[in-house]
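A.B. asks: take a look and give me a structure for this.
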Amino acid sequence: DLTYLAWYRWLEVEQLVRPPPTRQLKADLLPDDLTWHFQSYTDFSATTYNDLNFSAWIAGRILRRIQPSGVALDQAPRPPERTAKSSGYIRPPRTRFHAVARRLRAALRAERCVVGSIGNEYSFSTKVRSMIAEAALGLFIHLLPAKHHLTLPKSDDELSIPARFPNEFVDIVASLIDETIPMMLTDEFMALLQKAEETKSRPGKIWIRTSSFYIDPPTLFRIATGIERGEILLSSQHGGTYGSIDAHQFPGETEYRNHAFLTWGWREHSAYSGNFISLPSAQLAAWQHERRPHDGSLVVVAQALRFMPGRISSEGDIFNRRFSRHARVNFFKGLPPGVRNHVRYRPYDGLPATASDTDYFLAHFPDLSIIRENFHQQLIQSRLVVVDYPGTTICQAMAADIPTIGFWSPDAYRMCPQAEPIYEEMRKVGLVHYSGESAAAHIADNWDDVEGWWARPDVKAAREMFCAQFANTKRLWWWNWMKALWRL
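C.D. replies: Numbers count the residues shown, from 1 in each chain. Got it, this is the predicted structure:
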């Protein structure tokens, strides 16, 4: 994450100052001696997404190093001292009841099996179902014979630095790493390790976890210590884009390197190595055939437009910003008035360092209906769902058998070789479009008979092909999991 953010800042600075600007520029740089006090990996990673001061501090470090001609460097005021934070990803609870419910849900999680996530725990009943399934699987795991024969995939310990990186950049990143190591790996390391080592391990016994344990240092140390003592970690897919986008740095460097990775259907992902096991998705089980009689609405679900990059990936959060906003505007403009009146827009607002979609689109389309709550209910009773990114929502809608259309830039969301033929088939039948205008035209042509279009054999075949690879699920998914765990 740090390397990617620094590289993005480096390219921005280079674009600005090389060749030298034709007029004198002035850059106000934050003090170089700022300290960040990151508590954990999550705190650090969230800062690379959300903290504009951190991004500006890196840009200042680059400018001080290269000393570009034509740019006068000055000192900006020192920002307030930063304190460590636990997480920048999790939205704060809306009410005190939600806060209590969140703490209770965390307390009741099964220790060795966690499969629930925000995507599938959208109501009280789905939370209860997750708790029951986790408890049952946890008991089953406890009774399983030890799996001593399972080993971690071989990893390449050699760090190769591409020749394209300038030496000055490599030096800057090395200094940034030294100055931003989270406290969980420095001041708090021995205390976390000692606590983890005091817990009894069971060699050959299994953990099943989504990536959420990475945000909790005590659990992270507990699992890492268990693995060193012979315990087994199976990671479970928790969202979309796995197995589809060509570059996906985080799972490639973390989740895929565990003893096995439980997927939503796919068995290969680009050139990444790992022990991939195709199973029905636990997260999508609650969505299967969840569709209700439609209310005539056209639900449009938008991605967040971040001002800062995330990790190295093909998710398009950097390169897709301009395209995505313009494509949405063109999409709404392209809809006939009789169709646009049925739109209910779900923006992705409220995160730091992101564009405010609600204000922007209400300014351009004052009559636009905004979904502010009960998103799940709105989704399952919609006439048609439209998404502007190939993420988790399209998997949920497809699993629920809701007519769905996506549009995005193929340059921003580059698919891996295994996924590309599937998305091409979806494009041929109108499930995927590469512009807002194309998606709007397709909807205008089929609005009077969405059900007829959705029931066409070629459309149905493309959806089933997608679900088999990226949204495979069953109501009794846990039975398939138990059989797979027994056979491991």
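
A.B. asks: in three-state terms, label residue 149 for me.
C.D. replies: coil (DSSP: H, G, I helix; E, B strand; the rest coil).

A.B. asks: what packs against the host helix or strand of residue 125?
C.D. replies: In the assignment (DSSP states H and E), residue 125 maps to helix 124-143. Counting contacts by 3 or more C-beta pairs under 8 Å, 6 or more residues apart in numbering; DSSP states H and E, helix 124-143 packs against helix 96-107, strand 206-209, helix 477-487. Any C-beta I mention is one placed from the backbone N, CA and C, and that applies to glycine too.

A.B. asks: got the angle between that helix and helix 477-487?
C.D. replies: Relative orientation of helix 124-143 and helix 477-487, computed by axes from the mean of the first three to the mean of the last three C-alpha atoms, to 10 degrees: 20 degrees.

A.B. asks: which one of the helices and strands packed on helix 124-143 has the lowest average pLDDT?
C.D. replies: Among these, helix 96-107 carries the lowest mean pLDDT, a mean of 56.

A.B. asks: find the nearest non-adjacent residue to the most centrally placed residue in the chain, please.
C.D. replies: Geometric centre of the chain, nearest residue: residue 239, 6.8 Å, by C-alpha atoms, centre = their mean. Closest residue in space to residue 239, ignoring its immediate chain neighbours: residue 392 at 4.4 Å, by C-beta to C-beta, 6 or more residues apart in numbering.

A.B. asks: kindly report the same for residue 351.
C.D. replies: Nearest to residue 351 is residue 304, by C-beta to C-beta, 6+ apart, at 5.7 Å.

A.B. asks: now do the same for that neighbour: its pLDDT.
C.D. replies: Predicted confidence (pLDDT) for residue 304: 82.

A.B. asks: this structure: strands as residue ranges?
C.D. replies: 25-29, 71-75, 206-209, 232-236, 260-263, 276-278, 298-301, 343-346, 369-370, 384-387, 404-407, 432-433 (DSSP state E).

A.B. asks: redo the ones you listed as a markdown table? Include mean neighbour count and distance to residue 453.
C.D. replies: Below are these laid out as a markdown table (neighbours: other C-beta atoms under 10 Å; distance: least, C-beta to C-beta, whole Å):
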| stretch | mean neighbour count | distance to residue 453 |
| --- | --- | --- |
| strand 25-29 | 14 | 54 |
| strand 71-75 | 12 | 56 |
| strand 206-209 | 22 | 39 |
| strand 232-236 | 24 | 34 |
| strand 260-263 | 23 | 30 |
| strand 276-278 | 17 | 30 |
| strand 298-301 | 26 | 14 |
| strand 343-346 | 20 | 18 |
| strand 369-370 | 15 | 23 |
| strand 384-387 | 26 | 9 |
| strand 404-407 | 25 | 10 |
| strand 432-433 | 24 | 14 |
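
A.B. asks: between the ones you listed, which gets nearest to residue 483?
C.D. replies: strand 276-278 (11.4 Å; C-beta to C-beta).

A.B. asks: returning to that earlier point: in the helix holding residue 125, what's buried?
C.D. replies: By 16 or more other C-beta atoms under 10 Å, the buried positions in helix 124-143 come out as 126-127, 129-131, 133-134, 137-138, 140-141.

A.B. asks: how about those, which pair is most distant?
C.D. replies: 126 and 141 (21.9 Å).

A.B. asks: residues near residue 180, how many?
C.D. replies: 18 (other C-beta atoms under 10 Å).

A.B. asks: show me where pLDDT drops low in the chain?
C.D. replies: 83-110, 116-123, 155-163, 309-322 (pLDDT under 70).

A.B. asks: wait, residue 129 touches residue 286, no?
C.D. replies: Yes - here residue 129 reaches residue 286: they are 6.8 Å apart, a contact under C-beta atoms under 8 Å.

A.B. asks: leaving out chain neighbours, which residue sits closest to residue 477?
C.D. replies: Closest residue to residue 477 apart from its sequence neighbours, by C-beta to C-beta, 6+ apart: residue 280 at 4.0 Å.

A.B. asks: cool, thanks, signing off.
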